[in-house]
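Engineer: only geometry, no sequence info:
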């Protein structure tokens, strides 16, 4: 099969997000319409934290295989954005503050023994994907970022409106991501669109993005099953 | 067997360096006494570059397995020291300038096809060690850093004295390492001495350090064999 042009390829990638990104998940829709109980919201924050703490690990695996220094320089910023550095607390710490804002302790968040098994399997599968796959596919699995800014800005607005018991400082993680993500997305698209030249590579990138949508979706499935008893 | 105390353990590690670190290699001794020809010096710089460009890769593998955020924050500085960031060219670029000072081009340096096979095998074995081994042993393989400051400061003095054809700006890499390395060494000793508690773990760290000494030694063996024809 012929390779897609860069424009067609990007359109294919974006169409996956319209159909499979977790903004469509019933649990997420209930979050945005204000229907989550405190227990459900807390359950989501606590379990999604396991995803958050694993982001720098999957990014370090990608760092081990990027073609060279210039791409590593840019990709490393993702690790810094989550782990932080001196004078910059980082995204993991901001997520701890979201946890505290919904009534969780730092100890509960970092206790990986109490993560829901389905969440652990999904997140571990994601890290393992980035460990095993060629760099192009590992990088392509981050393409869910294309769909994040819309969701993030709606989330800030909707959570403030519907969950007044959550202190607004708890939402700092989402605000920070809104400013960090545009340059991540630009680098990501640059890597994927310029290196996936054959149709086989493009298809592999599509599958990587679908896989990653499944990771995020499955995480919400597990949270919904465990915490949304009355909703089902 | 009983575990060593931290003091005994550190003494064991230091005694390995006294016997097996590459400061004792004949090629290195000839470098410091001014006996290398231009071709030999150039051959060393060119082949050692393959080691330099692989340092951020092995450090990224270590990043994937360190216990948590605080250790990653510190270890990440090693990657930045070599890859650089905006406004900081980094160690790889400084080594390119050393290469240019001895008559090599950037293209020759980055052409991994012309690296000596023995150098490639040794460096690749080192990266693979850091990929495969538990974090404690991967980290312990960096303990050759304990012995580097002495060698680095002698190297700056001796190269300036014996090889006046090498512009002094070419030695910036070694000067930068002298200021970067003390905090790397402090973190490294902290990790190894505080986490290798059983004698089995301590022995594994000793073997990791011996392995790493062999990597550096073997690199010089290959360079000597290829470039020091008259010296043998």
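Structural biologist: Alright, I've got the coordinates. For clarity, every value in this text was computed on a predicted model and none was experimentally measured.
Engineer: residues touching stretch A:139-152, excluding its own?
Structural biologist: Contact with stretch A:139-152 is made by A:13-14, A:17, A:21, A:23, A:28, A:62, A:66, A:126, A:129-130, A:133, A:174, A:177-178, A:181-182, A:184-185, A:188-189, A:191-192, A:196, A:204-205, A:208-209, A:211-213, A:216, as judged by C-beta atoms under 8 Å, 6 or more residues apart in numbering or on different chains. No exception for glycine: its C-beta is placed from N, CA and C like everyone else's.
Engineer: okay, buried residues for that stretch please.
Structural biologist: A:139, A:140, A:141, A:142, A:143, A:144, A:145, A:146, A:147, A:148, A:151, A:152 (16 or more other C-beta atoms under 10 Å in any protein chain shown).
Engineer: looking at those, which is nearest residue B:54?
Structural biologist: residue A:139 (20.3 Å; C-beta to C-beta).
Engineer: mind telling me what element that closest one is part of?
Structural biologist: Secondary structure from DSSP states H and E places residue A:139 in helix A:135-140.
Engineer: gap between that helix and the chain center?
Structural biologist: 15 Å (C-alpha atoms, centre = their mean, to the nearest Å).
Engineer: name the helices or strands packed onto the host helix or strand of residue A:31?
Structural biologist: Using DSSP H and E, residue A:31 sits in helix A:26-32. Counting contacts by 3 or more C-beta pairs under 8 Å, 6 or more residues apart in numbering or on different chains; DSSP states H and E, helix A:26-32 is packed against helix A:38-65, helix A:148-162, helix A:199-227.
Engineer: same question for that helix: list its buried residues.
Structural biologist: So helix A:26-32, judged by 16+ other C-beta under 10 Å, has buried residues A:27, A:28, A:30, A:31, A:32.
Engineer: what does stretch A:151-162 give?
Structural biologist: Neighbour-count burial for stretch A:151-162 [16+ other C-beta under 10 Å]: A:151, A:152, A:155, A:156, A:159, A:162.
Engineer: quick check, nearest of these to residue A:105?
Structural biologist: Taking those together and measuring to residue A:105 by C-beta to C-beta, the closest member is residue A:159, at 20.6 Å.
Engineer: for that closest one, give me the pLDDT.
Structural biologist: At residue A:159, the model reports a pLDDT of 97.
Engineer: that one and chain B: what is the separation?
Structural biologist: Applying C-beta to the nearest C-beta, to the nearest Å, the value for residue A:159 to chain B is 25 Å.
Engineer: thought residue A:30 was touching residue A:36?
Structural biologist: Yes - under the criterion of C-beta atoms under 8 Å, residue A:30 makes contact with residue A:36 at 5.6 Å.
Engineer: can you list the low-confidence ranges for chain A?
Structural biologist: Flagging of chain A using pLDDT under 70 yields the residue ranges A:230-232.
Engineer: one more time with 80, if that's ok
Structural biologist: Along chain A, the model assigns pLDDT under 80 to residues A:229-232.
Engineer: chain B contacts on that one?
Structural biologist: A:53, A:56-57, A:60-61, A:63-64, A:69, A:72-73, A:76, A:79-80, A:83-86, A:90, A:92, A:131 (C-beta under 8 Å from any C-beta of the partner chain).
Engineer: run the chain-centre distance for stretch A:112-120.
Structural biologist: Relative to where its chain is centred, stretch A:112-120 has its mean C-alpha point 17 Å off (C-alpha atoms, centre = their mean).
Engineer: buried sites along that stretch?
Structural biologist: Buried residues in stretch A:112-120 (16+ other C-beta under 10 Å): A:115, A:116, A:118, A:119, A:120.
Engineer: now swap in stretch A:213-220 and tell me
Structural biologist: Quick answer for stretch A:213-220 (16+ other C-beta under 10 Å): A:213, A:214, A:215, A:216, A:217, A:218, A:219, A:220.
Engineer: who are the contact partners of the third one?
Structural biologist: Right, the one you point to is residue A:215. A:122, A:123, A:125, A:126.
Engineer: mind doing that once more with 10 Å?
Structural biologist: The contact partners of residue A:215, taken as C-beta atoms under 10 Å, 6 or more residues apart in numbering or on different chains, are A:22, A:51, A:119, A:121-127, A:129, A:141, A:144.
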